[in-house]
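**Q** Using only what follows, build the 3D model:
(2 chains)
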Amino acid sequence: MSVNQTSFRSKWRTLTDRAVSVLAILATLLVIAPLVAIFIYLIVKGASSLNLAFFTQVPKPVGEVGGGMANAVVGSAVLLAIASVIGVPVGIGGGIYLAEFGRGTKLANAIRFTADVLNGVPSIVMGLAAYSLIVLPQGHFSAFSGGVALGIMMIPTVCRTSEEMLLMVPNAIREAALGLGLPNWRAVLSITVKTASPGIITGCMLAFARVAGETAPLIFTALGNSFWSTSLNQPIAALPLQIYVYALSPYDDWHRLAWAGALVLIALIVIAVSLVRYVTSRGVLKGAS
Amino acid sequence: MGVGIEVASLNAWYGTNHTLQDITLNIPANHATALIGPSGCGKSTFVRCLNRMHETNPIARVTGTVRIGDLDIYSDAQPVEIRRRVGMVFQRPNPFPTMSIYDNVASGLKLNGYSNRRALDEIVERSLKSSALWDEVKDDLKSKSGASLSGGQQQRLCIARALAVDPEVLLMDEPASALDPVSTSKIEDLIFQLKSQYTIVIVTHNMQQAARVAENTGFFLNGRMVEFDSTHKIFTNPSDKRTEDYITGRFG
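**A** As a prediction, this is how the structure comes out:
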C-alpha cells in the first residue's frame, strides 16, 4: 500500500471521527435546549412577580393587588408527602419482589404487566379512580384523596425502575452474601438493595418529579383551595392546580402569578431532587461505584 | 480448626443435565486439596455442593451424602448454618461495592446480628492479617470502598471476609484465575499458610498451582472423578491414562 493511500485513509478516519462527535454534540444540545429554553422563558416571565409575598400570602380576591401562593406551595408539599409515603414503599417493595423473589413466576409476570399498563393510564383517569374510591364514599374533596391519586401514579415507575436496578446487581454479589451464611431476606435487603440503592433513588426521584407537576389527577380530588389549609380532610391548594386556574383566568395580574408559580414549581422540584441526591450521596466511600 | 469432608455417591443436576455423577471421596482435614479438569467437567459444581450453593439455582438438584466434620449437610442442617462453617471464595473478586473495607470483612458477622464493636475490630484485624492484606489497607479501613482496591487486593479482601465468620472449611473456586502473576503468588502463599487452620478445597485450571499448594489432587472429567491421589502421584505417575493425557496437555 502506498504512502498516499495510507494518509488518505487516516484522513478519512479522522474526518468520520469528527463528524460523529459533532453529531453527538448536536444531539446533546437538542436534548438540553428545550429544558434551558423553558427555564429561561419562565425566569423572564415569572421572576418579576416573585417576591416575599408570593411565599407568605394566600391568593387575594380578583381586583386586589398582590397576594401569593403560599397555600399552594405548602399544599403541593403535603400532597407530595402523602404520594411519596404511598408510592415509594409500595413501588420499591414491588420491585424487590419482581427482581429477587418472584423471578419467573406467573404472579411476577402479572405484576410487571399491570405496572406497565398502570404507567400508561392517563393521569386524569387516575384522578377519576381516586374520586370514585375515596371522594365519593367520603362525600367531600380532600388532600388525602389527591395524595393517593399521585401516590398510585408513582408506584409503577418506582416499581419498574427498582426492578431494573436490582437486576443490574451482578449475581456474584448475591452469591457472596449467601456464601457468608446470610439468610436470603437479609442478603436481599442489606446487600442487593443497598448495592442498587443509587439507581432506586433515581427512580423514586423521577416518579416524584413527574407527579409533582400533575394537574389532572388533582382536579377531582384535592380540588384546590384559595384559602389556607393543611388539613388532610379538606380540599387543598396545589401549585399545578393554581397555575392552571390562574393561567386560564382573564386577569393579567393572575397570569403573572401563574408564570411565577410555574417557575417556583420547577425550582422546587430541582431543589428537592438535588437535596435527596446530596443527602443520599453523603457517606459514599472513595471508589464505590 | 479444619474438619474432614466425606462425600459419598454425590450426584448433581442442572435441569436434565447430569453434571456430577457418583462422586465419592474423602478430603482430609487441614490440608489443601486441588481439583483439576477441563472446563465444564463438574469441579465447580462439586465445590458448590459442599456448601449447598448449588441449590440456589432453582433448576439444580442434588442426591448423595456429604459429611463435613460430624455434620451431614444435606439432612442435619439448614444451608445458612452450613455456609457459616464452609466459607467460599469465588473466581472473580466480589467485594460488596457499597461497603468500606472494614464493613466488607465484618459483613458476615454484622449482618447476622453480631454487634460487639471491640470484638469486631479484633476479628477484622485478625482476618485481614490472615489474608495478608492488613498492612496495605490498615490506614483506610473505613474510608475506602472494597471496590477501590486492585483485583488482587479485592480477592484477598474476599478471603478475609470468608475467614471472619470463622469457618472450618474454605472452598476456593479458581481464586487466582482473574489475577496477575504477582497477586496469584500472594494467594498461593496464603493458601499455604491457611491450611494449618482450615481445610481447603481449591478448584484450579492451573496445574502448576495445584502442584504448588495442594497435598492431594482430584482429576474430574465429564462429571466424573477419574482419579484422586496425592498430588505428587497424580503429576508424576497417574494410574489412569486420561489423567496422564490431561496433565501432559494432550487434551483439555
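
**Q** For the lengthiest helix in chain A, name the packing helices and strands.
**A** For chain A, the longest helix by residue count, based on DSSP state H, is helix A:3-46. Using 3 or more C-beta pairs under 8 Å, 6 or more residues apart in numbering or on different chains; DSSP states H and E, the elements in contact with helix A:3-46 are helix A:252-281. C-beta coordinates here come from the backbone N, C-alpha and C atoms, glycine included.

**Q** anything in the helix it packs on near chain B?
**A** No: Helix A:252-281 is not in contact with chain B by C-beta under 8 Å from any C-beta of the partner chain; minimum separation 11.4 Å.

**Q** In the chain, where is pLDDT below threshold?
**A** Defaulting to chain A. A:1-4, A:283-289 (pLDDT under 70).

**Q** my bad, chain B
**A** B:252.

**Q** who in the stretch 51-200 of chain B is up against chain A?
**A** B:51, B:53, B:56, B:58, B:80-85, B:87-88, B:90, B:92, B:94-100, B:107-108, B:111-112, B:140, B:143-145, B:147-149, B:158, B:161-162, B:165.

**Q** coming back round to it: could you point out the helix or strand that follows the longest helix of chain A?
**A** helix A:52-56 (DSSP states H and E).

**Q** List the buried residues of the following helix or strand past that following helix.
**A** As assigned by DSSP H and E, the chain's next helix or strand after helix A:52-56 is helix A:70-96. Residues A:70-80, A:82-84, A:86-88, A:90-92, A:94-96 are the ones in helix A:70-96 that count as buried (16 or more other C-beta atoms under 10 Å in any protein chain shown).

**Q** B:Arg242 and B:Val226, how far apart?
**A** To B:Val226, B:Arg242 is 5 Å away according to C-beta to C-beta, to the nearest Å.

**Q** ditto for B:His54
**A** Where B:Val226 is concerned, B:His54 sits at a distance of 21 Å (C-beta to C-beta).

**Q** the more surrounded of the two?
**A** B:His54 (22 against 18; other C-beta atoms under 10 Å in any protein chain shown).

**Q** Next, count neighbours for the nearest residue to the more buried one once chain neighbours are set aside.
**A** Closest residue to B:His54 apart from its sequence neighbours, by C-beta to C-beta, 6 or more residues apart in numbering or on different chains: B:Arg48 at 4.2 Å. Using other C-beta under 10 Å, B:Arg48 has 24 neighbouring residues.

**Q** Next secondary structure after the helix or strand B:Arg48 falls within?
**A** In the assignment (DSSP H and E), B:Arg48 maps to helix B:43-50. Under the assignment DSSP H and E, the closest C-terminal helix or strand after helix B:43-50 is strand B:60-68.

**Q** Can you mark which positions in that next one are buried?
**A** Applying 16+ other C-beta under 10 Å to strand B:60-68 flags B:60, B:62, B:64, B:66-68 as buried.

**Q** so how far is the longest helix of chain A from its chain's centroid?
**A** 29 Å (C-alpha atoms, centre = their mean, to the nearest Å).

**Q** the inter-axis angle of it versus helix A:252-281?
**A** 130 degrees (axes from the mean of the first three to the mean of the last three C-alpha atoms, to 10 degrees).

**Q** thinking again about what came up before, what touches both of B:Arg242 and B:Val226?
**A** B:Phe219 (C-beta atoms under 8 Å, 6 or more residues apart in numbering or on different chains).

**Q** Now the most centrally placed residue in chain A: which helix or strand?
**A** For chain A, the residue nearest the mean C-alpha position is A:Ala209 (2.3 Å; C-alpha atoms, centre = their mean). Here A:Ala209 sits within helix A:193-212, counting by DSSP H and E.

**Q** That helix close to chain B?
**A** Yes: shown here: helix A:193-212 in contact with chain B (C-beta under 8 Å from any C-beta) through A:194-195, A:197.

**Q** Residues contacting that helix, please?
**A** With C-beta under 8 Å, 6+ apart as the criterion, helix A:193-212 contacts A:76, A:80, A:83-84, A:87-88, A:91-92, A:95-96, A:150, A:153-154, A:157-158, A:160-162, A:164-166, A:168-169, A:173, A:217, A:240, A:265, A:268-269, A:272-273, A:276-277, A:280-281, B:96-98.

**Q** Show the buried residues in the residues you listed.
**A** Here, 16+ other C-beta under 10 Å leaves A:76, A:80, A:83-84, A:87-88, A:91-92, A:95-96, A:150, A:153-154, A:157-158, A:160-162, A:164-166, A:169, A:173, A:217, A:240, A:265, A:268-269, A:272-273, A:280, B:96-98 buried among the contacts of helix A:193-212.

**Q** Going by residue numbers, what spans are helices in the stretch 51-200 of chain B?
**A** Ranges of helices in the stretch 51-200 of chain B, per DSSP state H, counting those that start in this stretch, are B:79-85, B:101-110, B:117-130, B:134-137, B:151-164, B:181-194.

**Q** How many residues are close by the residue in the stretch 101-250 of chain B that chain A sits nearest to?
**A** Per C-beta to the nearest C-beta, B:Ser148 is where the stretch 101-250 of chain B lies closest to chain A, at 2.2 Å. For B:Ser148, the count of nearby residues is 20 (other C-beta under 10 Å).

**Q** Chain B contacts on the stretch 101-250 of chain A?
**A** Going by C-beta under 8 Å from any C-beta, the residues of the stretch 101-250 of chain A near chain B are A:104, A:170, A:172-173, A:175-183, A:186, A:190-191, A:194-195, A:197.

**Q** hmm, 10 Å instead?
**A** Within the stretch 101-250 of chain A, the positions adjacent to chain B are A:103-104, A:169-184, A:186-187, A:189-192, A:194-198 by C-beta under 10 Å from any C-beta of the partner chain.

**Q** Whichever of the residues you listed end up buried, select them in PyMOL.
**A** Command for PyMOL that selects the buried part of those, burial taken from 16+ other C-beta under 10 Å:
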select buried, chain A and resi 169+172+173+174+175+176+177+178+179+180+181+182+184+186+187+190+191+192+194+195+196+197+198
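
**Q** From the residues of helix A:193-212 next to chain B, pick the one nearest A:Thr16.
**A** A:Thr195 (39.1 Å; C-beta to C-beta).

**Q** list the contacts for the closest residue to B:Ile82 other than its chain neighbours?
**A** Using C-beta to C-beta, 6+ apart and skipping residues adjacent in sequence, the residue nearest B:Ile82 is B:Ile73, 4.9 Å away. For B:Ile73, the contact set (C-beta atoms under 10 Å, 6 or more residues apart in numbering or on different chains) comprises B:5, B:49-52, B:65-67, B:79, B:81-83, B:85-86.

**Q** quick one: which of those is most hemmed in?
**A** B:Val86 (30 neighbours).

**Q** can you tell me which residues contact the closest residue to that one other than its chain neighbours?
**A** Spatial nearest neighbour of B:Val86, chain neighbours left out: B:Asn51 (4.0 Å); criterion: C-beta to C-beta, 6+ apart. B:Asn51 sits next to A:178-179, A:181, B:66, B:68, B:73, B:79, B:82-88, B:167, B:169, B:171, B:201 when contact means C-beta under 10 Å, 6+ apart.
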